[in-house]
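Asks: model the following, please.
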Amino acid sequence: SSSLQHKANLQFPVHRFAKHLRKGGYAKRLGAGAAVYLTAVVEYITAEILELAGNSAKDQKKNRIIPRHIQLAIRNDEELNKYMANVTIS
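Replies: Numbering: from 1, shown residues only. The predicted structure follows:
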């Protein structure tokens, strides 16, 4: 049997998201696709931020992403900056 994670072609653990959705008590019942969808969204946003942070690191001729690169990536992207306006990256 293939895992949901594998079927949805995701890197992040669908089961873990499902577990936390159930534990969080957000609803009495949990649809089968809910955890897969949430996992896909979180994975996409993570990939987007990492790509921009990687570019930021490359611009500074660095091979490693440091928190500063993540900060620069988010602040220089209009949409990410809007959604993370009240987020502190130490």
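Asks: ranges for the helices of the protein?
Replies: Using DSSP state H, the helices found in the chain span residues 4-7, 14-24, 32-59, 67-76, 78-83.
Asks: which among the ones you listed is found nearest to S90?
Replies: helix 67-76 (6.4 Å; CB to CB). (C-beta placed from N, C-alpha, C; glycine too.)
Asks: is there a neighbour count for Q5? I'd like the number.
Replies: By the criterion of other CB atoms under 10 Å, Q5 has 19 neighbours.
Asks: picking up where we left off before, so of the helices of the chain, which one's packed in deepest?
Replies: With neighbours defined as mean count of other CB atoms under 10 Å, those peak in mean count at helix 67-76, which reaches a mean of 17.
Asks: any stretches of this structure with poor pLDDT?
Replies: Within the chain, the ranges that satisfy pLDDT under 70 run 1.
Asks: cutoff 90 now
Replies: Confidence mapping of the chain against pLDDT under 90 gives the ranges 1-5, 7-8, 32, 89-90.
Asks: between the helices of the chain, which gets nearest to I89?
Replies: Per CB to CB, nearest to I89 of the helices of the chain: helix 67-76, 4.5 Å.
Asks: who does that closest one touch, helix- and strand-wise?
Replies: On a contact count with 3 or more CB pairs under 8 Å, 6 or more residues apart in numbering; DSSP states H and E, helix 67-76 meets helix 32-59, helix 78-83.
Asks: how about the CA coordinates for the shortest one, as PDB?
Replies: Listed next in PDB are the C-alpha coordinates belonging to helix 78-83 (Å, rounded to 0.1, in the frame of the first residue of the first chain):
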ATOM      1  CA  GLU A  78       5.600  41.600  -2.200                       C
ATOM      2  CA  GLU A  79       3.200  38.800  -1.400                       C
ATOM      3  CA  LEU A  80       5.300  37.000   1.100                       C
ATOM      4  CA  ASN A  81       6.000  40.300   2.800                       C
ATOM      5  CA  LYS A  82       2.300  41.000   3.000                       C
ATOM      6  CA  TYR A  83       1.500  37.600   4.600                       C
END
